[in-house]
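**Student:** Okay, structure incoming, though there's no sequence with it:
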């Protein structure tokens, strides 16, 4: 049976986790938009301070950094440093035909760790908690990456 | 028939759209280089101000931000916030064996929306137009991501 | 035979190269952490300056930019501008059933070029050498992206 079908439960779980990662990455962009709209500011690009439908009433300082916008951008950058690597590591890991429960722990664990990271980051819960969630997510991706490399080398 | 072959027209269209996204992401890096070379400045890294083949005639201020370079970097960042999510969402969406015309609209729509976004961003056409293209591209990826998650859950 | 199995040597080589890219991206995050811990500073987020397990002894200036941390972040950003595009381009290129030695040159060449880029960047070897490695890696991804688009169009 092909490993890359929704009939393979490991693939189905991977697809769900990957899709949640897609929605997180895209949603973080909209979260940044929401923070910009809340103060009509924090814009990164000069023409955004011009009058228009989004900005009917320009005021000075709309291009100044605004911490909630910057925080959402930092969360987005952190997502991009972790989630795309999960996508490819998880897909290739699925193709190694792993033991199912190990795959579930690594994949669902990654999603849970990233959800915790987002919560800790947005609510400014402190570096220790955020770093713990970051570490758990990172270790999941690293474990899958190492295993894929090992299986690849063994199959040559 | 396997869904992941160029004999599947939905896959072929996805592969074309994904490859155009690859070329956009890589091309944006070269666009940044072009802007840096146009003024021999806007460099982000200290040693780039040293003399060498790229920089035969160093001058003060080469490490200062230069708006065309920064604009290209912001475009690149925006690409990275959207295009990799399209890659994985589109691949997994293809594997759900979607209705072909829906897939074509979402995938080609994404490419067109991102081309419009790039045009609006580089020519500084204003926030409203750029945000419209951003929204269309984002909704395409979100739609595919939601559908993949639904199919994944239904197949468990 | 399916192209997407470890029994296909082109896929196996791609999987190894992609996994090395995963480990580079994740490792760069930990390299940034290492630089932050070396000076207990360079933090990007306000609450990281508060006392805690990671930061038992807060001092003024922990949120100021610190060049080794910023350099690692720039390396990370450069990775994200190149490596995810390699992942998707390489996977789709593998599915075009390419001539094996061409695939090996492009894929292994990308890994070697990015390793050279990281070495040149971290040791501040100068713009010329870093740009050479960047160019080689970029050309590999562009070549695969163009080929995937061509095969996609020809198969419609």
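**Tutor:** Received it, and whenever you're ready, just let me know what you need. Keep in mind it's a predicted model, so treat the numbers as computed, not measured.

**Student:** Going by C-alpha atoms from here, please, whenever you check contacts or count neighbours.
**Tutor:** Noted.

**Student:** mind listing what's buried in whichever helix or strand residue A:128 is part of?
**Tutor:** Remark: residue A:128 resides in helix A:127-154, with elements defined by DSSP states H and E. Using 16 or more other CA atoms under 10 Å in any protein chain shown as the test for burial, helix A:127-154 gives A:127-131, A:133-142, A:144-149, A:151-152.

**Student:** Residue numbers of chain A in contact with chain C?
**Tutor:** Residues of chain A lying close to chain C (CA under 8 Å from any CA of the partner chain) are A:71, A:80-82, A:84-85, A:88-89, A:92, A:95-96, A:124-128, A:138, A:141-142, A:145-146, A:148-153, A:155-156.

**Student:** about what we covered before: same for the helix holding residue A:128, what does it pack against?
**Tutor:** Packed against helix A:127-154 by the contact rule (3 or more CA pairs under 8 Å, 6 or more residues apart in numbering or on different chains; DSSP states H and E) you find helix A:67-94, helix A:100-122, helix C:9-39.

**Student:** Is residue A:3 in a helix, a strand, or coil?
**Tutor:** Assigned state for residue A:3: coil (three-state reduction, DSSP: H, G, I helix; E, B strand; the rest coil).

**Student:** again but with residue A:64, I slipped
**Tutor:** coil.

**Student:** residue contacts, it?
**Tutor:** A:41-43 (CA atoms under 8 Å, 6 or more residues apart in numbering or on different chains).

**Student:** just these now: which is nearest chain C?
**Tutor:** residue A:42 (16.5 Å; CA to the nearest CA).

**Student:** is it true that that closest one touches residue A:60?
**Tutor:** No: the pair formed by residue A:42 and residue A:60 falls short of the contact definition of CA atoms under 8 Å, at 11.3 Å.

**Student:** Of those two, give the one with the bigger neighbour count.
**Tutor:** Using other CA atoms under 10 Å in any protein chain shown as the criterion, residue A:42 and residue A:60 rank with residue A:42 on top: 24 against 8.

**Student:** Ignoring the adjacent residues along the chain, who's closest to the residue sitting nearest the centre point of chain A?
**Tutor:** Geometric centre of chain A, nearest residue: residue A:79, 3.4 Å, by CA atoms, centre = their mean. Closest residue to residue A:79 apart from its sequence neighbours, by CA to CA, 6 or more residues apart in numbering or on different chains: residue A:25 at 6.6 Å.

**Student:** Over to residue A:5?
**Tutor:** residue A:11 (6.5 Å).

**Student:** Tell me how far the one you found lies from residue C:43.
**Tutor:** 38 Å (CA to CA, to the nearest Å).

**Student:** pLDDT at residue A:2, what is it?
**Tutor:** pLDDT, residue A:2: 86.

**Student:** got it, and the one 4 residues further on?
**Tutor:** In the predicted model, residue A:6 carries a pLDDT score of 97.

**Student:** Which secondary structure state does it sit in?
**Tutor:** coil.

**Student:** Please verify my assumption that it contacts residue B:155.
**Tutor:** Yes: with contacts counted by CA under 8 Å, residue A:6 reaches residue B:155, the gap being 6.1 Å.

**Student:** related to what we said a few turns ago, how about the contacts of residue A:64 in TSV, adding distance to chain B and pLDDT?
**Tutor:** Below are the contacts of residue A:64 laid out as TSV (distance: CA to the nearest CA, whole Å; pLDDT from 0 to 100):
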residue	distance to chain B	pLDDT
A:41	12	96
A:42	13	97
A:43	10	97
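
**Student:** Show me those residues that map onto helices.
**Tutor:** Secondary structure from DSSP state H places none of these in helices.

**Student:** what's the closest of those residues to residue B:66?
**Tutor:** Nearest to residue B:66 among the contacts of residue A:64: residue A:43, at 17.4 Å, using CA to CA.
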